[in-house]
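Engineer: How does the following fold in three dimensions:
(3 chains)
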Amino acid sequence: MILRLNPSTGVPIYLQIVEQIKHSIEIGALAHGDQLPGIRVLAESLVVSPNTVVNAYNELEREGVIRLRQGAGAYVEGGEFANSRRRRFKEASALVKEAVKRLREMGLTDDESRRLFEAQWIEEMASR
Amino acid sequence: MNAVVQTTQLTKVYGTNRALNGLTMTVPRGGIIGFLGRNGSGKSTTIRILLDVIRQTSGEATILGEPTRSATVRRRIGFLGEDKRLYPYMTVEEIIAFTRPFFSTWRRDTEARLLREFELPARRKVSSLSKGMRTKLGLLLNLCRHSEFLILDEPSEGLDPVMAEQMLQSLVQQAADGTTVFFSSHQISEVEQIADYVIAIEKGRVILEGSLDQLQQQFRRINLVFDDPPPPDAFRRDGVDHVIVQGRTISILASHNVDELSALGPLLAAKSVEVHPISLKELFLEKVKER
Amino acid sequence: MPIYKVWRESRSRFLFILAALLLITAASTFYNAQAEKVVIEAKDFHEAGFRTLQGPLFLFWGFAAVFLGLGGLLRERSVGTVDYTLSLPVSRTRWFLYRAVNGALQAIAVAVIPALAVPVMARFFGGDYPAGEALVHGLRLGIGGMLFYSIGLLVSALFPGEFTSAGIGIALVFAVNNGTRVIQSLKQLNLQDAITPMQMVDTSTYLTRGQMPCIGICLSFALSVVLSSVAWKVTSNRDF
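Structural biologist: Residues are numbered from 1 along each chain as shown, chains lettered A, B, ... in the order given. You can find the predicted model right below:
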């Protein structure tokens, strides 16, 4: 699994893993029934502590995104769930497309727009 | 027993220099613990006391529940020193054969696999090995033990980026096998990457301790901008670790109570309130300044 | 096995010292025998042998014994391997004991084997020197002279520098030998006389007879045990 982690942002690595796995499901890279890499394998390939991977998988299970089967590994959850996520993703893409168009019409450069988004996300995540 | 190491008021004095000044810490079992500190903060001194290489001036330390003076507890421990020096007069296979019988948990299959992976020449004398190969040999001599507890002093010191990454990967593998890995480092980036628990020391004392995830979720930087900043005293509240004033901006390092503290912004008529997560680097540097 | 490491790290030094002492003993015997430019009689060869054993072998063995006592954990600290050694499940006392015994056996070996060079050289000249005589002389030297070996153990436990400890050790051996020869009141303590007192030697045959100087040898050995214990205590308690 190709994940891009940044340990220095202050956002816990396990949360970054959670977000990126959810994203993979949304864009269809991971589908219902797919098996996720084992804890040891993922930890070794990302070069992060196995405990971090355990925390990420537990959080994903808590949110209903994956299911941990005793001794058999982690599997991406239900078709219904994945489909609703994909639908939501399509809607979100349309929203973003519209927003980008509007911001450009207002005269903002792409960098300025990006900064506005980042400031908003940081505040959202920080107040969690 | 949940702690692999327990120290209580550990002190080491060299003449007028207090290398350790009442160090009290608990290293939890399981996972990877990063022992972070600047050069000269007392990391190596602590490790040497744990291994009974030097003796403390006062205070107590136990390792795997046993006093540090016990030679038998070292059957359950691995150690890779900063120096990574091994007996120059022995060959690679001789030093492996020498080390093997001390450890009942030694695994020959690991030994064979690592000899191959590390490409170590069995009959070469240790004195004619390059530093990189010496490090790999030192690592092999420890990894084959599959100990309960592995201590490393600056493991990636002197290693090129590729080797350093391989070293970190080996540590992750050991942790996945159940070994508690404890490594000292002055490089924040590698602690941020593989440690799930952090103990930071400065001037011989603990300044920060806890699970890395928890620390990152707990601490926040709250930046408040005012037209006319109130005096810093207005921010002496529960949860505030540190207040910095820079022109019109007041920056608070908060260890908890973030919601209440952010609410101070509108309460005191701040023009802007921003809440940011704080990286280990910032947190560490902040705590060092506090001392 | 800890003893394997202790042996391996001392092996080259031991073999070098053994070779050197063999050479010195053989050459000295040869030289002493040649000094008499007449046909060698049994008695003359006995004298040559005796003079070699009491002279050059005693002197150079004394220095060799100090060298065999050097090394140890303090030396390992300079080399950088002490962290690895002490991280192994072997106590400092065990390391010390293994090293002390290994070195002591080597000290006896480099007394006995070179001593046996004398009877060999005798054959070379067509003469004879009883092997038993040489053997026992070597043993008296090795065991009674253990004091010098323990001086080596002690200085290497006290002083980190290789040259410093060797220098001080050699100086002490010199002082002990010469001091007890020159200073009247200390003449009793001379080690050479304690190990092989002249009363033991029949000057007509230059072979020994009569009683072993047990008391002298035992006292000297006891003193070396005391010095070794001090070395052990220092090693047990210090920071590395």
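
Engineer: Tell me which residue lies nearest the centroid of chain A.
Structural biologist: residue A:19 (2.3 Å; CA atoms, centre = their mean).

Engineer: for chain B, same thing?
Structural biologist: Note: chain B centre (CA atoms, centre = their mean) maps to residue B:35, 1.7 Å.

Engineer: Bridged to that one, which residues?
Structural biologist: residue B:184, residue B:199 (DSSP bridges).

Engineer: related to what we said a few turns ago, would you mind pulling up the elements that the helix or strand encompassing the residue nearest to the centre of chain A packs against?
Structural biologist: Element membership for residue A:19, per DSSP states H and E: helix A:13-26. Applying 3 or more CB pairs under 8 Å, 6 or more residues apart in numbering or on different chains; DSSP states H and E, we find helix A:13-26 packed against helix A:50-62, helix A:79-105, helix B:212-218. Where you see a C-beta, it was placed from the backbone N, CA and C, and this is true even at glycine.

Engineer: roughly how far out does that helix sit from the chain middle?
Structural biologist: Mean-position distance between helix A:13-26 and its chain equals 3 Å (CA atoms, centre = their mean, to the nearest Å).

Engineer: Using CSV, list the CA coordinates for the lowest-mean-pLDDT helix or strand in chain A.
Structural biologist: Within chain A, no helix or strand scores below helix A:110-126, which has a mean of 77 by mean pLDDT, DSSP states H and E. The C-alpha atoms that make up helix A:110-126 are tabulated as CSV, following Å, rounded to 0.1, in the frame of the first residue of the first chain:
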residue,chain,number,x,y,z
ASP,A,110,-3.9,28.8,-6.7
ASP,A,111,-1.3,29.2,-3.9
GLU,A,112,-3.5,31.7,-2.1
SER,A,113,-6.5,29.4,-2.3
ARG,A,114,-4.5,26.5,-1.1
ARG,A,115,-3.4,28.4,1.9
LEU,A,116,-6.9,29.3,2.8
PHE,A,117,-7.9,25.6,2.7
GLU,A,118,-5.0,24.6,4.8
ALA,A,119,-5.7,27.2,7.5
GLN,A,120,-9.2,25.9,7.7
TRP,A,121,-8.2,22.2,7.9
ILE,A,122,-5.6,22.9,10.6
GLU,A,123,-8.3,24.6,12.7
GLU,A,124,-10.7,21.8,12.2
MET,A,125,-8.2,19.1,13.1
ALA,A,126,-6.8,20.9,16.0
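
Engineer: buried sites along the helix holding residue A:19?
Structural biologist: A:13, A:14, A:15, A:16, A:17, A:18, A:20, A:21, A:24, A:25, A:26 (16 or more other CB atoms under 10 Å in any protein chain shown).

Engineer: what is residue B:210 paired to in the beta sheet?
Structural biologist: Applying DSSP bridges, one finds that residue B:210 bridges with residue B:198.

Engineer: mind listing what it touches?
Structural biologist: Contacts for residue B:210 (CB atoms under 8 Å, 6 or more residues apart in numbering or on different chains) come out as B:197, B:198, B:218.

Engineer: Check residue B:281 too.
Structural biologist: Counted by CB under 8 Å, 6+ apart, residue B:281 has contacts A:8, B:188, B:189, B:192.

Engineer: so the third one sits right up against residue A:7, yeah?
Structural biologist: Same thing as residue B:189. Yes: applying CB atoms under 8 Å, one finds residue B:189 in contact with residue A:7, separated by 7.0 Å.

Engineer: chain center to stretch C:199-211: distance?
Structural biologist: On CA atoms, centre = their mean, the centre of stretch C:199-211 falls 23 Å from that of its chain.

Engineer: picking that back up, hmm, which of the contacts of residue B:210 is lowest in pLDDT?
Structural biologist: Minimum pLDDT across the contacts of residue B:210 is recorded for residue B:218, with 90.

Engineer: rewinding a little: which one of residue B:189 and residue A:7 is surrounded by more residues?
Structural biologist: residue A:7 (24 against 12; other CB atoms under 10 Å in any protein chain shown).

Engineer: so who does that one touch?
Structural biologist: A:13, A:48, B:189, B:192, B:193.

Engineer: Could I have the CA atoms of stretch A:54-73 written out in CSV?
Structural biologist: Extracted in CSV, the C-alpha atoms of stretch A:54-73 (Å, rounded to 0.1, in the frame of the first residue of the first chain):
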residue,chain,number,x,y,z
VAL,A,54,-2.3,-1.4,15.5
ASN,A,55,-3.8,1.9,16.6
ALA,A,56,-4.6,2.9,13.1
TYR,A,57,-6.4,-0.5,12.4
ASN,A,58,-8.3,-0.3,15.6
GLU,A,59,-9.5,3.2,14.8
LEU,A,60,-10.6,2.1,11.3
GLU,A,61,-12.5,-0.8,12.8
ARG,A,62,-14.1,1.6,15.3
GLU,A,63,-15.3,3.7,12.5
GLY,A,64,-16.6,0.7,10.6
VAL,A,65,-14.3,1.1,7.7
ILE,A,66,-12.5,-2.2,8.1
ARG,A,67,-13.1,-5.4,10.0
LEU,A,68,-10.4,-7.2,11.9
ARG,A,69,-10.9,-11.0,11.8
GLN,A,70,-9.3,-12.9,14.6
GLY,A,71,-6.0,-14.4,13.3
ALA,A,72,-7.1,-13.9,9.6
GLY,A,73,-6.2,-10.2,9.0
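
Engineer: What residues of that stretch count as buried?
Structural biologist: A:54, A:55, A:56, A:57, A:59, A:60, A:65, A:66, A:68.

Engineer: low-scoring pLDDT stretches of chain A, where are they?
Structural biologist: Low-confidence segments of chain A, defined by pLDDT under 70: A:78-83, A:86, A:122-123, A:125-128.

Engineer: Just want the residue of it that's nearest chain C.
Structural biologist: At 24.1 Å from chain C, residue A:49 is the closest residue in chain A, using CB to the nearest CB.

Engineer: That residue - nearest residue in space that isn't next to it in sequence?
Structural biologist: In space, and not counting its chain neighbours, residue A:49 is closest to residue B:196: 4.1 Å by CB to CB, 6 or more residues apart in numbering or on different chains.

Engineer: Great, nothing more from me.
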